[in-house]
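**Student:** heads up, no residue letters with this:
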């Protein structure tokens, strides 16, 4: 299976999955609740957040959430879609090979990784490790989610690749400690965690 190409993410794609209320997968209330959880938990853990990277930022739903919880933080949106970069002014790039001069305190990668082939996914996970020295929030539909009917297939893009959860976890564990709820703490952060704050051994 090949990674999705840039032409997939055109105006019609965003009309279907974001702008048309009948077919949209976007729930602004969900993003607000999710953002409150992510930011509040990082504040509890005392992860300093001054620079935020939203890679695959879409229409920028996280920008306002980050601004509310971290008003002094600098938000950087990066998008693969030429259409969105022209419409919103995002930096153009891919999670597979986007580079920055210095790592970020918080990296957000929501709904992006299942569009990648297995080799590109592995490169992306390693790249996320290089881009982040604080916390990473990941949302990715896995094979198990499809098998257990967690996914609403009337709304979810059928082009998503069904990678097993183990593939994601194996790639991330080299660089991060899983702390639950889609959150991962960089091994470079050197913040103390209680044993039961870790999602695994």
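**Tutor:** Okay, I see it. Computed from a prediction, not measured in an experiment: that's the story for all the values here.
**Student:** does residue 110 touch residue 137 like I think?
**Tutor:** Yes - proximity of residue 110 to residue 137 meets the contact threshold set by Cβ atoms under 8 Å, at 7.1 Å. To be clear about C-beta, it is placed using only N, CA and C from the backbone, and glycine gets the same treatment.
**Student:** looking at those two, which has the bigger crowd around it?
**Tutor:** More neighbours surround residue 137 than the other of residue 110 and residue 137, with 23 against 19 (other Cβ atoms under 10 Å).
**Student:** which element is the more buried one on?
**Tutor:** Assigned by DSSP states H and E, residue 137 belongs to strand 132-139.
**Student:** from residue 135, how far out is the residue most central in space within the chain?
**Tutor:** When the chain is reduced to its mean C-alpha position, the nearest residue by Cα atoms, centre = their mean turns out to be residue 109, at 1.2 Å. Distance, residue 109 to residue 135, using Cβ to Cβ, to the nearest Å: 12 Å.
**Student:** coming back round to it: buried residues in the following helix or strand past the strand holding residue 137, which are they?
**Tutor:** Downstream of strand 132-139, the next assigned helix or strand under DSSP H and E is helix 143-147. Residues of helix 143-147 classed as buried by neighbour count (16 or more other Cβ atoms under 10 Å): residue 145.
**Student:** tell me the first helix or strand C-terminal of helix 143-147.
**Tutor:** Assignment by DSSP H and E places the next element after helix 143-147 at helix 165-173.
**Student:** the next helix or strand after that following helix - contacts with which helices or strands?
**Tutor:** Per DSSP H and E, the first helix or strand lying C-terminal to helix 165-173 is strand 176-180. For strand 176-180, the helices and strands in contact under the criterion 3 or more Cβ pairs under 8 Å, 6 or more residues apart in numbering; DSSP states H and E are strand 183-186.
**Student:** report the distance from the strand it packs on to the chain centre.
**Tutor:** In terms of Cα atoms, centre = their mean, to the nearest Å, the centre of strand 183-186 is found 12 Å from the chain centre.
**Student:** partner strands of it, with direction?
**Tutor:** For strand 183-186, the pairing partners within the sheet under DSSP bridges are strand 132-139 (antiparallel), strand 176-180 (antiparallel).
**Student:** would you list those strands in JSON lines and tack on distance to residue 188 and mean pLDDT?
**Tutor:** As requested, the strands paired with strand 183-186 are arranged in JSON lines below (distance: least, Cβ to Cβ, whole Å; pLDDT from 0 to 100):
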{"stretch": "strand 132-139", "distance to residue 188": "4", "mean pLDDT": "97"}
{"stretch": "strand 176-180", "distance to residue 188": "9", "mean pLDDT": "97"}
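**Student:** now those in a markdown table, with distance to residue 158?
**Tutor:** As requested, the strands paired with strand 183-186 are arranged in a markdown table below (distance: least, Cβ to Cβ, whole Å):
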| stretch | distance to residue 158 |
| --- | --- |
| strand 132-139 | 18 |
| strand 176-180 | 28 |
